[in-house]
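*Asks:* Show me how the following folds:
(one chain, ligands or ions: 2)
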Amino acid sequence: MDQIASVFKEKKLKLTPQRLAVYNYLINTTSHPSADVIYSDIHIQYPTMSLATVYKALKTLVDVGLIQEINVGEGNFRYDGNSLPHPHLQCLSCGRVDDFKDLSLDNLNALAKEHTDYQIVSNKVYFYGYCSNCK
Ligand SMILES: [Zn+2]
Ligand SMILES: [Zn+2]
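*Replies:* Ligands and ions are numbered 1, 2, ... in the order given. This is a model prediction of the structure:
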């Protein structure tokens, strides 16, 4: 919570209870939920919060770099409270998204740099397959 407070202060943004609720929800889950899922879970605690407010809070949090947006295709997005780069696994059947634990790709940018004249800044790595429930 200290991190969000200092980031919002630095960016001169108002730390509303809604933004805080969305952020706290995300840092306490590894399920990479969609905005709809976040909305239906948070709605219980914040009945006056609309889906539009959830979307706006997510956009703000992505913009300031506190969370990351994961493009799962066909215009669908998931959200991740872990803003540090890490590889993801996506199930082609049920659409679940998991973090790839115990696989470090920290050297990927250095590896890429050897094959391009681009100045590499970041990367996003996704693996696709079938989860343990679907395979
Ligand atoms: Zn699955
Ligand atoms: Zn993740």
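*Asks:* can we go C-alpha only for contacts and neighbour counts from here?
*Replies:* Fine.
*Asks:* Quick one: classify residue 4 as helix, strand or coil.
*Replies:* helix (DSSP: H, G, I helix; E, B strand; the rest coil).
*Asks:* now swap in residue 20 and tell me
*Replies:* Per three-state DSSP, residue 20 ends up helix.
*Asks:* and it, what pLDDT?
*Replies:* pLDDT recorded at residue 20 is 95.
*Asks:* Please tell me how far it sits from residue 27.
*Replies:* 11 Å (Cα to Cα, to the nearest Å).
*Asks:* Torsion angles phi and psi at the spatially most central residue of the chain?
*Replies:* In the chain, the C-alpha nearest the mean C-alpha coordinate belongs to residue 80, at 2.2 Å (Cα atoms, centre = their mean). Per-residue torsions, residue 80: phi -130, psi 120 (degrees, to the nearest 10).
*Asks:* Roughly how far does the residue of the chain most remote from its centre sit from ligand 1?
*Replies:* Relative to the mean C-alpha coordinate of the chain, counting by Cα atoms, centre = their mean, the farthest residue is residue 117 (29.5 Å). As judged by Cα to the ion, to the nearest Å, residue 117 and ligand 1 stand 39 Å apart.
*Asks:* Let me see the contact set for that residue.
*Replies:* Residue 117 makes no contacts at all, as judged by Cα atoms under 8 Å, 6 or more residues apart in numbering.
*Asks:* Work out for me the element it sits within.
*Replies:* Here residue 117, judged by DSSP states H and E, is contained in no helix and no strand.
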